[in-house]
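Peer 1: sequence and predicted model, in that order:
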Amino acid sequence: MSDFALAVARALMAAIFIIGGYNKLMGIAGFTGYLTKLGVPSPQAMAWAAGIFELVAGILFLVGFKTRLAALALFLFTGATIVLAHRFWITPSEMTQALKNFAMMGGFLAFAVYGGGRISLDRR
């Protein structure tokens with residue numbers, strides 16, 4: 001039962017990145033504009049990099065391929081988004097998004113330490 005729960009947890013956590021990455025890539029101009037507004041350097045390159053990263057890392061995490069590495073990468077990426085996009089210390093309305101990211105980081109840290117379980121490509 002615990003391996004099934006780990007697979008479900010991976011799917012739930014991966015969904016936000018797979019869908020988010022896809023949406024960023026399909027609406028790259030809008031996402032580039034958002035990053036420009038935030039003052040992110042090289043916003044168009046960063047928009048493409050973020051969209052591709054979210055989609056690919058999300059899929060790897062979902063299927064449990066290199067789960068520990070994918071989880072660590074997503075942990076770091078999610079932390080970076082707090083600093084770059086969810087700056088709750090400047091914009092208090094971003095607090096909920098930042099807290100969601102902190103919670104996701106906790107899950108990714110656990111997967112980075114313990115792996116994806118038996119229902120994953122890592123275990124096949």
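Peer 2: Received it, and whenever you're ready, just let me know what you need. Numbering: from 1, shown residues only.
Peer 1: all the helices of this protein, in order from the start?
Peer 2: 2-26, 28-38, 43-63, 67-84, 95-114 (DSSP state H).
Peer 1: now these as a markdown table including mean neighbour count?
Peer 2: Every C-beta, even on glycine, is put in place using the N, C-alpha and C of the backbone. As requested, these are exported to a markdown table (neighbours: other CB atoms under 10 Å):
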| stretch | mean neighbour count |
| --- | --- |
| helix 2-26 | 16 |
| helix 28-38 | 15 |
| helix 43-63 | 19 |
| helix 67-84 | 18 |
| helix 95-114 | 16 |
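Peer 1: ok, which of those helices comes nearest residue 121?
Peer 2: helix 43-63 (5.2 Å; CB to CB).
Peer 1: now the closest one: mean pLDDT?
Peer 2: Helix 43-63 carries an average pLDDT of 98.
Peer 1: let's have the helices of the chain in CSV, adding distance to residue 122.
Peer 2: Shown next, in CSV, are the helices of the chain (distance: least, CB to CB, whole Å):
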stretch, distance to residue 122
helix 2-26, 11
helix 28-38, 31
helix 43-63, 9
helix 67-84, 5
helix 95-114, 11
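Peer 1: residue 124 is nearest to which of those?
Peer 2: Here helix 43-63 is closest among the helices of the chain (CB to CB), at 10.0 Å.
Peer 1: report the angle between the closest one and helix 95-114.
Peer 2: Using axes from the mean of the first three to the mean of the last three CA atoms, to 10 degrees, the direction of helix 43-63 lies 50 degrees away from that of helix 95-114.
Peer 1: which other helices and strands does helix 43-63 contact?
Peer 2: helix 2-26, helix 28-38, helix 67-84 (3 or more CB pairs under 8 Å, 6 or more residues apart in numbering; DSSP states H and E).
Peer 1: with just CA atoms, put the second one into CSV.
Peer 2: Same thing as helix 28-38. Provided in CSV are the C-alpha atoms of helix 28-38 (Å, rounded to 0.1, in the frame of the first residue of the first chain):
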residue,chain,number,x,y,z
ILE,A,28,5.5,31.7,-24.1
ALA,A,29,4.9,35.3,-25.0
GLY,A,30,2.7,35.9,-22.0
PHE,A,31,5.1,34.1,-19.6
THR,A,32,8.0,36.1,-21.1
GLY,A,33,6.0,39.3,-20.4
TYR,A,34,5.4,38.2,-16.8
LEU,A,35,9.1,37.5,-16.3
THR,A,36,10.0,40.9,-17.9
LYS,A,37,7.6,42.6,-15.5
LEU,A,38,9.4,40.9,-12.6
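Peer 1: I'm done for today, thanks for sticking with me.
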